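heads up, no residue letters with this:
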């Protein structure tokens, strides 16, 4: 008896060590049963076959908690305890894996004539989870045989009639479904309660139905999420609750200068970091290059007041290049980017290169007012004489210029929206790390005050405040981003 008791204590210690949310609705007992338990072997084997890895221990325990069953002595014995579950944790901790594994489990467990609906901030994010489920099924012949239909976007259907469909994030889309599992990703992006309420209504108050929401912290506009947090906190000590709440967040909403202190806070909000899957040095390097507002919200998982300021001018001032520095480069070893305002009022030409020490140098080389296509072609062809590696142009605003330059044999790359997003992040990171050197152009100082961060899913990109222009800022970001693969040169660049 003593040996068995010590063994149980050891198991509980290990469980608590790997599963330590800041806030968690307690199970009804230490040895609770979960609906997902019988499916662990099937899920793990299928997952490893498709992806060559399996969930972290804390992820599996989280799914067990989410699908906890009432114990044998309860009036609802064997049924799901929670009808609503909210999971909140910092970004890059495997929310997609959690959602996909929960979805696959539900398809296998509740095969008969149910709807499982997936929803996110946009259809692309919802489809990422959906595609993950499809890949697991495709990789396993036994699972594939249990499906009668499996399409790219129009649903997965089991032979027993259960459907997994992706819905648009709006109330009208969520109505009319008899929902078994509603999987709502990125709850912080839901502007009001109507969509969530419509999915809850779709469960029809039936037992063994569940609305599972996964999220990162929000801001003062996240009314739905704030209400769900209030319900979640009320559930923490309520044995009768059918609302499950599991939240990892830092104990303080600040960014310490000391790395070890920051790491301590990061581990509180990032179970993938505290479990050892994410490298500590890599996490610190990534976080130190982010805006403070984003660190608090997305890495420490704390609510913040919304702020869309792109770059603090003090940080920009710390990157002014030394007095007397000559902007020199070798032909074929630098980039020139071009951006034009949406009203066609201005255009900026910016050059950039990266030296062997890892510093990226950037400088405005031309600025045009009310440029015609012919004027932009003329300036570009003059700059071509310096033999840059390529010219980078925005695919949306300068496609016409790109077409004309290609006709003239100029090496042109048209930057996509994805490039804009990546360039925004890279440019910001280099400034914050003081790995960028600039000429302190007056135009940039003025336009940086007009630049803001525009959310794009879980990412962001530089955008202008209404009624302002940021062509020089965009050109700087693109030049810096595309110069990463270009080596240091030595030819002097003349200003026009």
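Sure, I can see it. It should be emphasised that the depicted structure is a prediction, and the values quoted were computed from it without experimental measurement.

low pLDDT regions in the stretch 151-300 of the chain?
Confidence mapping of the stretch 151-300 of the chain against pLDDT under 70 gives the ranges 153, 170-176, 192.

give me that answer again for 50
Counting by pLDDT under 50, the stretch 151-300 of the chain has no low-confidence residues at all.

give me the spatial nearest neighbour of residue 76, chain neighbours excluded.
Distances taken as CB to CB, 6 or more residues apart in numbering place residue 70 nearest to residue 76, at 4.5 Å, with adjacent residues excluded. (Each C-beta comes from the backbone N, C-alpha and C, glycine too.)

next up, the contacts around that neighbour.
Residues touching residue 70, when contacts are defined by CB atoms under 8 Å, 6 or more residues apart in numbering, comprise 28, 76-81.

which among those gets closest to residue 344?
Set against residue 344, the nearest of these by CB to CB is residue 80 (58.7 Å).

how about the closest residue to the closest one other than its chain neighbours, secondary structure?
Of all residues beyond its chain neighbours, the one nearest residue 80 is residue 208 (5.2 Å), with distances taken as CB to CB, 6+ apart. With DSSP: H, G, I helix; E, B strand; the rest coil as the basis, the three-state label of residue 208 is coil.

same thing with residue 405?
With three-state DSSP as the basis, residue 405 sits in helix.

and the closest residue in space to it that isn't next to it in sequence, how far is that from residue 308?
Nearest in space to residue 405, with sequence neighbours left out and distances taken as CB to CB, 6+ apart, is residue 412 at 4.9 Å. Remark: distance between residue 412 and residue 308 (CB to CB, to the nearest Å) = 32 Å.

neighbour-wise, which of the two wins?
Set side by side, residue 412 and residue 308 show more neighbours around residue 412, with 19 against 14, by other CB atoms under 10 Å.

show me what that one bridges to in the sheet.
Beta-bridge pairing for residue 412 (DSSP bridges): residue 391.

show me this protein divided up by domain.
Following automatic domain parsing, one finds the domains of the chain at 19-247, 313-492.

out of the ones you listed, the one nearest residue 263 is which?
Residue 263 lies closest, by CB to CB, to one member of these: domain 19-247, at 13.2 Å.

and that closest one, how far apart are its ends?
For domain 19-247, the first-to-last residue distance is 11 Å (CA to CA, to the nearest Å).

highest neighbour count among the contacts of residue 70?
For the contacts of residue 70, neighbours were counted by other CB under 10 Å; the highest total belongs to residue 81, with 26 neighbours.

before we move on, back to that, including distance to residue 303, could the domains of the chain go into a markdown table?
Below are the domains of the chain laid out as a markdown table (distance: least, CB to CB, whole Å):
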| stretch | distance to residue 303 |
| --- | --- |
| domain 19-247 | 5 |
| domain 313-492 | 16 |
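
just the strands from the stretch 251-400 of the chain, written as ranges.
If DSSP state E, counting those that start in this stretch is used as the criterion, the strands of the stretch 251-400 of the chain fall at 328-329, 335-340, 346-354, 360-369, 390-394.

any idea which of those has the lowest pLDDT on average?
Sorting the strands of the stretch 251-400 of the chain by mean pLDDT places strand 328-329 lowest, at a mean of 70.

give me the neighbour count for the closest residue to residue 243 other than its chain neighbours.
If you skip the residues right next to it in sequence, residue 243 has residue 235 as its closest partner in space, 4.6 Å away by CB to CB, 6+ apart. Residue neighbour count, defined by other CB under 10 Å, stands at 23 for residue 235.

now residue 21
Counted with other CB under 10 Å, residues neighbouring residue 21 total 21.

residue 103 too?
Other residues near residue 103 number 22, with proximity taken as other CB under 10 Å.

just to check, it is in contact with residue 128?
No - the pair formed by residue 103 and residue 128 falls short of the contact definition of CB atoms under 8 Å, at 11.7 Å.

which parts of the stretch 351-496 of the chain are helices?
Along the stretch 351-496 of the chain, the stretches classed as helices by DSSP state H, counting those that start in this stretch are 373-384, 399-407, 417-432, 442-448, 471-482.

among these, which is nearest residue 201?
Of all the helices of the stretch 351-496 of the chain, it is helix 417-432 that lies closest to residue 201, at 35.8 Å by CB to CB.

quick one: contacts of stretch 461-476?
Under the criterion CB under 8 Å, 6+ apart, residues 310, 337-341, 343, 345-350, 352, 362, 364, 367, 394, 417, 420-421, 423-424, 427, 438, 441, 443-444, 447-448, 450-454, 477 lie in contact with stretch 461-476.

would you mind checking those residues for buried ones?
310, 337-341, 346-350, 352, 362, 364, 367, 394, 420-421, 423-424, 427, 438, 441, 443-444, 447-448, 450-454, 477 (16 or more other CB atoms under 10 Å).

rewinding a little: so who does the residue nearest to residue 405 touch?
Taking CB under 8 Å, 6+ apart as the contact definition, residue 412 lies against 390-393, 402, 405-406.

mind running it again at 7 Å?
The neighbourhood of residue 412, defined by CB atoms under 7 Å, 6 or more residues apart in numbering, consists of 390-391, 393, 402, 405-406.

out of the residues you listed, which are buried?
Among these, those buried by neighbour count (16+ other CB under 10 Å) are 390-391, 393, 402, 405.

nearest to residue 301 among the domains of the chain would be which one?
Residue 301 sits nearest to domain 19-247 of all those, at 4.3 Å, using CB to CB.

could you report the neighbour count for residue 429?
Residue 429 is surrounded by 17 other residues when neighbours are defined as other CB under 10 Å.

coming back round to it: distance to residue 212 added to the buried ones among the contacts of residue 412, as TSV?
Formatted as TSV, those follow (distance: CB to CB, whole Å):
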residue	distance to residue 212
390	47
391	48
393	44
402	45
405	51
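
next, format the strands of the stretch 251-400 of the chain as CSV and append distance to residue 431.
Compiled in CSV, the strands of the stretch 251-400 of the chain are given as follows (distance: least, CB to CB, whole Å):
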stretch, distance to residue 431
strand 328-329, 21
strand 335-340, 17
strand 346-354, 13
strand 360-369, 10
strand 390-394, 19
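
residue 177 is nearest to which of those strands?
Taking CB to CB as the criterion, residue 177 comes closest to strand 390-394 out of the strands of the stretch 251-400 of the chain, the separation being 40.8 Å.
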